[in-house]
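> Pasted the sequence and its predicted model underneath.
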Amino acid sequence: MTPAPIRRLRAQLQRFHHVVRGRHWFPHVPLALLLGLAGLSLLRAELGTHWHDYAQLLVLNASHLQPKMLPSLLIGGGMLTMALGLLWRSRLAWTMALLLEIVGTFSLVIGQHSHHDHVLLAYFVFVLVALLFSWRQFDRTSVAASTLFALTSVAMLLMYATFGAYYLGMDFKPQITDLVTALYFSMVTMSTVGYGDITPQTSEAKLFTVSVIVLGVAVFATSLTAVIAPMVSRSLQRIVNRKGSRMKRENHFVVIGNTSLAINTWHELARRGRPVTRLLREAPEEGELKDTDYVVGDPSSTEILREAGAHRAEAVLAMLADDSENAFVVLAVKELEGHARTVAAVNDARHLSRVKLVQPDVVIAPQVLGGELLAMLLSGEQVTPDFVMQRVFQQVSEPAKPS
């Protein structure tokens with residue numbers, strides 16, 4: 001069980017994140033800046049302060065470039081490009097940034113000779129760890145963004161393979177003497193077709209060919225997944241969430257969970273003619289919720305809550321069986337910055353104080369009342385409506401405002 005100080009610290013950090021509107025800029029903006037700075041640092045360390053002249057030469061007349069300059073240009077330039085993708089929270093950009101960071105770190109480990117190389121290596125490791133810890137935040141897989149960065153990744157790999165094959169042309173049989181032949185060899189190798197008409201003869205050429213095959217498989221697989229996955233996901237979601245008629249999700253109630261309390265609350269609200277949207281973790285059986293507006297997904301995900309209209313709802317009722325999940329739902333609703341009131345159900349009396357830390361508008365704890373109410377009835381004590389309302393609905397007081 002998590003210690004109480006850690007829980008309080010976590011709740012305070014969540015509150016601070018909400019106050020500073022962290023969801024709009026953290027962690028994707030700092031990571032994009034860190035990645036862009038890593039790319040610039042690598043270019044300056046390997047190519048000097050005039051690295052942009054070499055980048056221009058790569059575009060205009062690549063035949064004048066030395067082979068040793070090509071990896072640094074492609075890795076550093078790729079980091080600068082993927083930094084833009086991180087600003088969009090693109091999952092593909094995160095994947096390619098992670099791959100570039102690993103390759104850049106490996107190249108620094110092999111070639112470090114000075115104190116500055118050690119500092120740059122430590123910085124690369126820090127950025128790599130930061131990317132790994134923030135992978136959950138990069139979950140956007142829009143077709144447009146994924147296609148853009150997939151094409152960028154393929155283009156960068158193609159440049160690496162083509163110019164590398166051209167520079168090492170004397171190490172192949174037959175020799176590669178022009179860019180067209182180098183492009184042909186690159187496409188055949190990247191696609192793993194391997195006609196065998198051009199073969200590497202030296203150790204350097206063989207290692208280069210292996211790198212092209214490995215990177216080609218990785219980039220093509222990642223790019224295809226990033227482009228196709230959003231389209232497949234949307235199609236599946238439309239199938240899962242298909243309904244006869246979807247109501248307008250505004251000034252309604254969002255009931256989350258499939259517990260007895262959630263089901264009864266939904267029935268009572270619907271019986272009174274109030275618009276209700278149910279949010280379920282798993283899809284119901286066919287025909288089980290006929291003519292009912294519902295959404296399937298992770299209740300603590302802001303995207304799923306937004307799809308259910310939680311930011312425009314009159315109230316959001318977190319009535320899951322797990323009290324910690326109800327607390328996380330309340331925090332996610334607050335991140336949406338809507339006007340909805342939040343109601344959190346508590347199933348275990350030991351969790352009551354913890355749920356109150358996230359400051360829902362109302363905490364409903366009907367099961368907590370059971371033992372006390374039964375004892376009062378058996379003891380002949382008077383049970384008043386005010387007492388029941390006070391015990392069932394644990395109103396959370398507003399925090400004191402600083403003077």
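Right, received. Where do you want to start?
> Low-confidence ranges, the stretch 1-150 of the chain, go.
For the stretch 1-150 of the chain, applying pLDDT under 70 flags the ranges 1-4, 7, 57-68, 110-116, 139-146, 148-149.
> can you do 80?
Within the stretch 1-150 of the chain, the ranges that satisfy pLDDT under 80 run 1-24, 46-74, 90-92, 106-117, 136, 139-150.
> Kindly report the same for the stretch 151-300 of the chain.
Ranges of the stretch 151-300 of the chain meeting pLDDT under 80: 151-153, 156, 220-247, 285-291.
> ditto for the stretch 301-403 of the chain
For the stretch 301-403 of the chain, the stretches with pLDDT under 80 are 349, 366-374, 376-377, 383-403.
> Enumerate every residue touching His252.
His252 makes contacts with 274-277, 309, 312-314, as judged by CB atoms under 8 Å, 6 or more residues apart in numbering. Backbone N, C-alpha and C define where each C-beta goes, glycine included.
> As TSV, these with distance to Tyr166 would be great.
Output for the contacts of His252, formatted as TSV (distance: CB to CB, whole Å):
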residue	distance to Tyr166
Arg274	70
Pro275	65
Val276	65
Thr277	60
Gly309	57
Arg312	58
Ala313	61
Glu314	66
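> Between those residues, identify the one with the most neighbours.
Neighbour counts for the contacts of His252 peak at Ala313, which has 26 neighbours (criterion: other CB atoms under 10 Å).
> what distance separates the helix or strand containing Ala165 from the middle of the whole chain?
Taking DSSP states H and E as the definition, Ala165 sits inside helix 143-167. Helix 143-167 has its C-alpha centroid displaced from the chain centroid by 24 Å (CA atoms, centre = their mean, to the nearest Å).
> list the helices and strands it packs on?
helix 69-87, helix 91-111, helix 179-190, helix 203-240 (3 or more CB pairs under 8 Å, 6 or more residues apart in numbering; DSSP states H and E).
> For Ala340, give its distance to Asp298.
18 Å (CB to CB, to the nearest Å).
> what about the two, which has more around it?
Higher neighbour count among Ala340 and Asp298: Ala340, with 23 against 15, using other CB under 10 Å.
> Now do the more buried one against Gly22, distance only.
20 Å.
> Who are the contact partners of the nearest residue to Ala262 once chain neighbours are set aside?
Spatially, and ignoring its direct neighbours in sequence, Ala262 is nearest to Met319 (3.8 Å; CB to CB, 6 or more residues apart in numbering). Applying CB under 8 Å, 6+ apart, we find Met319 in contact with 255-257, 259, 261-262, 265, 326, 343, 345.
> Where do the domain boundaries of this structure fall?
18-240, 253-395 (automatic domain parsing).
> a markdown table for those domains, including distance to Ala11?
Shown next, in a markdown table, are the domains of the chain (distance: least, CB to CB, whole Å):
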| stretch | distance to Ala11 |
| --- | --- |
| domain 18-240 | 11 |
| domain 253-395 | 4 |
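> Quick one: closest of those to Leu9.
With distances scored as CB to CB, the stretch of the domains of the chain nearest to Leu9 is domain 253-395 (10.7 Å).
> Show me how far that closest one is from its chain's centre.
27 Å.
> And for the nearest residue to Thr81 once chain neighbours are set aside, the neighbour number?
If the residues on either side of it in the chain are set aside, Thr81 comes closest to Thr152, at 5.6 Å by CB to CB, 6+ apart. Here the count is done by other CB under 10 Å, and Thr152 has 20 residues near it.
> Tell me the spacing between Thr152 and Val219.
The value you get for Thr152 to Val219, if CB to CB is used, is 10 Å.
> ditto for Leu207
From Leu207 across to Val219, the span is 18 Å (CB to CB).
> Comparing those two, which residue is more hemmed in?
The residue with more neighbours, out of Leu207 and Val219, is Val219; 20 against 12, by other CB under 10 Å.
> Next up, the contacts around the more buried one.
Taking CB under 8 Å, 6+ apart as the criterion, Val219 is in contact with 96, 153-154, 157.
> Relative to Arg272, how far out is the residue nearest to Ala262?
From Met319 over to Arg272 the distance is 17 Å, taken as CB to CB.
> any idea which of the contacts of Met319 is closest to Asp53?
Checking the contacts of Met319 against Asp53 by CB to CB gives Ile256 as the nearest, at 57.9 Å.
> What ranges does the stretch 201-350 of the chain have for its strands?
For the stretch 201-350 of the chain, the strands defined by DSSP state E, counting those that start in this stretch cover 253-256, 276-280, 294-296, 315-318, 341-345.
> coming back round to it: when you compare where the helix holding Ala165 runs with where helix 91-111 runs, what's the angle?
Between helix 143-167 and helix 91-111, the angle comes out at 30 degrees (axes from the mean of the first three to the mean of the last three CA atoms, to 10 degrees).
> which is the next helix or strand following helix 143-167?
Where DSSP H and E defines the elements, the next helix or strand beyond helix 143-167 is strand 172-173.
> What is the distance between that following strand and the centre of its chain?
For strand 172-173, the distance to the chain centre is 45 Å (CA atoms, centre = their mean).
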